[in-house]
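1. take this sequence and fold it.
(chains A and B)
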Number of protein chains: 2
Amino acid sequence: MFLTRDISPARLKSMTLAEKNKLCEEIRSLLVSVVSKNGGHLASNLGTVELIVAMHSVFTTPRDSFVFDVGHQAYTHKLLTGRLADFGKLRQEGGISGFPKPSESEHDSFIGGHASIAVSAGLGIAAAKSLNNESGNVVVVAGDGSFTGGGIYEGLNNAGKLKRSFTVVLNDNGMCISKSSGAFASYLSKIRTKSYYEAKSRVKKILGRSTLGKGVSGAIGETKRFVKGALIPENLFENLGFKYFGPVDGHNLEELIFILEHVKTIDKPCLVHVMTKKGKGHAPAEENAGHYHGVIADNIPQHADTYSEVFGKEITRLGAENGRICLITAAMKYATGCNYFAKSFPERFFDAGIAEAHAATFAAGLASGSSKLLPVFAVYSTFLQRAFDQLLHDAAIEKLRLVLAVDRAGLSGEDGATHQGTFDVGLLSLIPGTTIYAPLTAEELRLCLKKALYEDAGIAAVRYPRGIAFNPQNEEARADFAYYNNNSSTLLITYGRPVKPAMKLLRHGADVLRLIRLNPLPDEVFKIVSGYENVVFFEEGAPCIANKFSAKNYKFRAIEDFLPVADLERQMELCGFDERGMKEFAGL
Amino acid sequence: MFLTRDISPARLKSMTLAEKNKLCEEIRSLLVSVVSKNGGHLASNLGTVELIVAMHSVFTTPRDSFVFDVGHQAYTHKLLTGRLADFGKLRQEGGISGFPKPSESEHDSFIGGHASIAVSAGLGIAAAKSLNNESGNVVVVAGDGSFTGGGIYEGLNNAGKLKRSFTVVLNDNGMCISKSSGAFASYLSKIRTKSYYEAKSRVKKILGRSTLGKGVSGAIGETKRFVKGALIPENLFENLGFKYFGPVDGHNLEELIFILEHVKTIDKPCLVHVMTKKGKGHAPAEENAGHYHGVIADNIPQHADTYSEVFGKEITRLGAENGRICLITAAMKYATGCNYFAKSFPERFFDAGIAEAHAATFAAGLASGSSKLLPVFAVYSTFLQRAFDQLLHDAAIEKLRLVLAVDRAGLSGEDGATHQGTFDVGLLSLIPGTTIYAPLTAEELRLCLKKALYEDAGIAAVRYPRGIAFNPQNEEARADFAYYNNNSSTLLITYGRPVKPAMKLLRHGADVLRLIRLNPLPDEVFKIVSGYENVVFFEEGAPCIANKFSAKNYKFRAIEDFLPVADLERQMELCGFDERGMKEFAGL
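-> Model prediction:
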């Protein structure tokens, strides 16, 4: 066993190459067992084991800083930097986060839940080191999917003129959650095949003449020549001021260490193009890395349709009726249920890559002029945050008609603060003329979607949470509000997940007003509220809709902070959105 | 006179080259006279006269669609498409907008006030044409400054695989409002000098052999060869799937028409690299295009310091005291007053280009870990919208300390809806742990800035409007609130521009509570409010802070829509924020 409780970057550095390779195998089997149990990102972490072992062989955190873009590829880094003992509590309450988290460890230099930010963050870290006269390198790791986002380009553009060592590792697994799209992906596949084997064989040849391990540095004199040869002249990264190295076999520790040792010595920004295989070493994950992208823990039943599935099937049915409906996703074809529509109407389906800003503006372009097209953008609540300006400026000023299918709205459970979907209602209600629906049941989701497509003007958003869609027998589907009146003097108002516990309080002397259209609020809602002595609002989000009420004895409870990692039920409890907490707060 | 009331693209098409060149001169002198009077963007419009005349010579709007990125370069397009008669009312109430505006003319295919969106919008328009089986080309015009923004990259990445004609004109004037920064700018200057004259002379030679005007198409058979020769092999745009043409002299109508005629025939995305001179043909604007970027109308006095100047001088003073303060701008060095600091402390000043998302993440990187640096990001309110996710995810979750200097907060006057700064308070108050100040006076701005730097945790924003800073004699500077108590029964609460008219209502039987720290609101504020019979809130922004109050007789007036173009005073009146409107609403 090389993966023991006292594994550390220092111990790692003293291992032989054979020992390190053995360590990689051990890490791989630990990843498979823990992630299968706790959920998390399996395939991407299996792909980066050697890369991260190589990084810790060459660099020393926290003096050197590692910035992982979309940090769900960083589990190996966590294992090597003091978090092996806690790894069994990955993504669990009191345990460790599924993403890099500076407040969890000094070895995590920057947070990483959203894509395409790491070059910018790394550049900030590098500038801080320079200003503080500190030594230390910065190594950014970003997947090829992240390169479909404009943020990476902004980062590269600003980094290209640096006069210090700065390494960006492009972790190229040819996947962008489902499949990379766009011209950059084609470009990568071109440079990938062009010189890969040639470069590899040259590395082998030169390595053969040098001593390995620490002796590798002896070969560095020769490196320049062969690395120069492996370069594709004037490639895209070089145009942006980076020295380009690659492609490198991302599962060959020897090669990885050799290249990283070399770039460490270069006082210029370098891009190391590393080829990895998502799911490497675990047959089921290798075969279907898309499915294994985010593994849901074993114990969650998957029989009934999720809200995403309900949306996906309904938009496909509507798309068959109406050839003007177009569907857009930002690299979330499967996760948002867009796969059905994509299969049936490929010419009306658009995958923008991890580029929410583009997706929103593109949708506005589709809807503009006299096109009469009906674009629907399916997007996670947390990623919609990246398109606020585009929705406001590009779509809303000219009152273009867009539909937003806002998935994963509300608390995010084990995914933690980086994916908290509690801001979309606040954001969207700032945009003039925007309609927001929060359907509770599958049937309501279908009804609201139809209204958003055919009745509302401007931007209309239908938001729904992660999880199995509620499918009650005796609940009439509505698109405005539902009022459960027991002639009580206390009225509970809510939407989203607190609805279910609120309904249980019906038998404890409360009436319940369940909001479906959050913006604009139906006038009747204010009339109903005005008749109560005691009004209590529960908002599973930043206080926004709750702020629009006032009444004689009015109070509200909302989410005013980031939640710690925990399962959904526990997060609801932490927010005071469990039956007991709500009962107490309402004074029932 | 070729620029007559009935000028139209059709008439333009029938002119000879000499007549068109004469027309360009006439347009230029009209631009100088109107912009000098009404304000607006002079230098950028002087630079695009020939380009736009060439575009209308070759393409036919609205069948073909022109999308102008940051459309303040599109005045010539407005003149040629039916808006000559109204041009005297440019940027005035009831007149025409300074930016393209589809609701103003069918020739304006997409709105354009913010940068780097036009490729995405144009791609949406192209997709709509394809789905609707419509013919027609799409021509996007984007300045080199816009290419520092990630949105352009996302657009190019998604457009690169198109199988239809799609033209992006890179209008390269080597400026990005002040001066392009970053590796892309260096890259451009490289390809600019490389083949410019050679390409030009070849064009000349071939053109010499063909008949001009309509006969140009006869030369197209030969074009491919020479254009191919002018290409820089494997350049950045080609890597992203575009055919590259250029550089082309952007003031040579003959060349421009020739190239555009050619790209029109190509069923692939094309990038035409056009070299223009900002301010072309108007000596003062040519000499100092940065100063002439946005011309303020003649009649506004410029003696006292603006809020931007107050900020710029104070942050420079503080920067001299404290070497940990860093200043970041997104291509707005002069407009936000960052020039003083930049000059004194160049190593601590960072211009990100038009890349607000990068700027925010970079600032978070600077502040991260143990750096103890104090990054300040100076940004217009309307552009801050592009960094919401970065502030929330990259900075706020880990409670990094950032200061935002939010300039141009509130109504935008003649700049119109695209630049309306009425959303920042709503956005920022959604972010957990964020402090927001809205100082009224120059002294308060300084005080709040100091608190933001040294006392607050997390993100702290100081927001202030466009215009001359208020510098009263007898107003104590505060950072929480100011309370003017006349023992009235009506309390007016407000911040921002409505403060001045509210103060005038002191003598009409109102008390006034002027908010300075908007978030978190000082506890005393709620105490004061609870003592009044009649409470009225005026919010120069989306209803946000106003929503946090409730009292016995409480009402508020806020900005719930986009304002039409008008001067500030008139916009205040339209919002009901003039003395009379406020008096009436408050029932005084």
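2. what about chain A, any weak spots by pLDDT?
-> Scanning chain A with the threshold set as pLDDT under 70 gives A:175-181, A:192-234, A:288-302.
3. ok, now with 80
-> Applying pLDDT under 80 to chain A flags the ranges A:71, A:174-182, A:188-234, A:283-303.
4. skip the chain neighbours and tell me the closest residue to the closest residue to chain B within the stretch 301-450 of chain A.
-> In the stretch 301-450 of chain A, the residue found nearest to chain B is residue A:365; the distance is 2.0 Å by C-beta to the nearest C-beta. All C-beta spots, glycine's among them, are computed from the backbone N, C-alpha and C. In space, and not counting its chain neighbours, residue A:365 is closest to residue B:124: 2.0 Å by C-beta to C-beta, 6 or more residues apart in numbering or on different chains.
5. mind listing what's buried along the helix or strand containing the one you found?
-> According to DSSP states H and E, residue B:124 maps onto helix B:118-131. By 16 or more other C-beta atoms under 10 Å in any protein chain shown, the buried positions in helix B:118-131 come out as B:118-129, B:131.
6. hang on, the earlier thing: my read: the residue nearest to residue A:365 touches residue A:368, true?
-> Yes. Between residue B:124 and residue A:368 there is a contact under C-beta atoms under 8 Å: 6.9 Å.
7. sorry, back to before: the helix holding residue B:124 - contacts with which helices or strands?
-> Using 3 or more C-beta pairs under 8 Å, 6 or more residues apart in numbering or on different chains; DSSP states H and E, the elements in contact with helix B:118-131 are helix A:356-367, strand B:65-68, strand B:138-143, helix B:150-159, strand B:166-172.
8. quick one: the residue minimising distance to the centre of chain A from chain B, how far?
-> In chain A, the residue lying closest to the centroid (C-alpha atoms, centre = their mean) is residue A:114, at 4.8 Å. Per C-beta to the nearest C-beta, to the nearest Å, residue A:114 is found 5 Å from chain B.
9. so that residue sits in a strand?
-> No. Per DSSP: H, G, I helix; E, B strand; the rest coil, residue A:114 lies outside any strand segment and is coil.
10. in contact with it, which residues?
-> Listed by C-beta atoms under 8 Å, 6 or more residues apart in numbering or on different chains, the contact set of residue A:114 reads A:70, A:382, A:383, A:386, A:418, B:389, B:393, B:394.
11. which ones among the residues you listed lie within strands?
-> Among these, no residue falls in strands (DSSP state E).
12. please identify which of those is nearest to residue A:524.
-> The nearest member of the contacts of residue A:114 to residue A:524, counting by C-beta to C-beta, is residue A:382 at 32.1 Å.
13. run a quick check on that closest one versus residue A:419, I expect a contact.
-> Yes. Shown here, residue A:382 and residue A:419 form a contact pair, counting by C-beta under 8 Å, at 4.8 Å.
14. verify the stated contact: residue A:375 with residue A:403.
-> Yes. With contact defined as C-beta under 8 Å, residue A:375 reaches residue A:403; the gap is 7.0 Å.
15. so after the regular element (helix or strand) spanning residue A:46, what's the next helix or strand?
-> Per DSSP H and E, residue A:46 falls inside helix A:43-47. Going down the chain from helix A:43-47, the next helix or strand is helix A:49-58, by DSSP H and E.
16. from the chain's centroid, how far away is that next one?
-> 24 Å (C-alpha atoms, centre = their mean, to the nearest Å).
17. what of stretch A:67-79?
-> A distance of 13 Å separates the C-alpha centroid of stretch A:67-79 from that of its chain, computed with C-alpha atoms, centre = their mean.
18. contact residues of the stretch 351-500 of chain A facing chain B?
-> A:352-353, A:355, A:357-358, A:361-369, A:371-373, A:375, A:382-383, A:385-386, A:388-390, A:392-394, A:396-398, A:417-418, A:423, A:426-427, A:430, A:432-433 (C-beta under 8 Å from any C-beta of the partner chain).
19. once you drop chain neighbours, what's closest to the residue at the greatest distance from the centre of chain A?
-> Going by C-alpha atoms, centre = their mean, the residue of chain A most distant from its centre is residue A:487, 44.7 Å out. The shortest distance from residue A:487 to any non-neighbouring residue, by C-beta to C-beta, 6+ apart, is to residue A:511 (7.5 Å).
20. same deal with residue A:242?
-> residue A:271 is the one closest to residue A:242 (C-beta to C-beta, 6+ apart), at 4.4 Å.
21. doesn't the one you found fall inside a helix?
-> No. Counting by three-state DSSP, residue A:271 is not found in a helix; it is strand.
22. what separation do you get for it and residue A:240?
-> 9 Å (C-beta to C-beta, to the nearest Å).
23. who has more neighbours out of these two?
-> residue A:271 (27 against 24; other C-beta atoms under 10 Å in any protein chain shown).
24. who's in contact with that one?
-> A:167, A:168, A:169, A:170, A:237, A:242, A:243, A:244, A:245, A:246.
25. for these, which one is nearest chain B?
-> residue A:242 (8.1 Å).
26. just give me the neighbour total for the closest one.
-> Counted with other C-beta under 10 Å, residue A:242 comes out at 24.
27. so how far is chain B from residue A:40?
-> 19 Å.
28. which ones are touching residue A:263?
-> A:165, A:167, A:243, A:245, A:270, A:272.
29. and those, which is closest to residue B:535?
-> Using C-beta to C-beta, these come closest to residue B:535 at residue A:167, 58.0 Å.
30. now the closest one. Nearest residue, chain neighbours left out?
-> Per C-beta to C-beta, 6+ apart, closest to residue A:167 is residue A:139, 4.7 Å.
31. contacting residues around the one you found?
-> A:55, A:59, A:64, A:65, A:66, A:67, A:122, A:167, A:168, A:169, A:260.
32. equivalent analysis for residue A:460, please.
-> A:401, A:402, A:403, A:404, A:434, A:435, A:436, A:437, A:451, A:452, A:453.
33. quick check, the second one in contact with residue A:391.
-> Yes. Assessed by C-beta under 8 Å, residue A:402 is found in contact with residue A:391 at 7.4 Å.
34. name the residues contacting each of those two.
-> Joint contacts of residue A:402 and residue A:391 (C-beta under 8 Å, 6+ apart) are A:360, A:459.
35. who has more neighbours, the two?
-> Higher neighbour count among residue A:402 and residue A:391: residue A:391, with 29 against 24, using other C-beta under 10 Å.
36. how would you label residue A:444: helix, strand or coil?
-> helix.
37. how close does the residue lying closest to residue A:471 once chain neighbours are set aside get to residue A:305?
-> Distance criterion C-beta to C-beta, 6+ apart; nearest residue to residue A:471, sequence neighbours excluded, is residue A:442 at 5.1 Å. Distance, residue A:442 to residue A:305, by C-beta to C-beta: 7 Å.
38. likewise residue A:435?
-> 25 Å.
39. so which of the two has more stuff around it?
-> residue A:435 (24 against 16).
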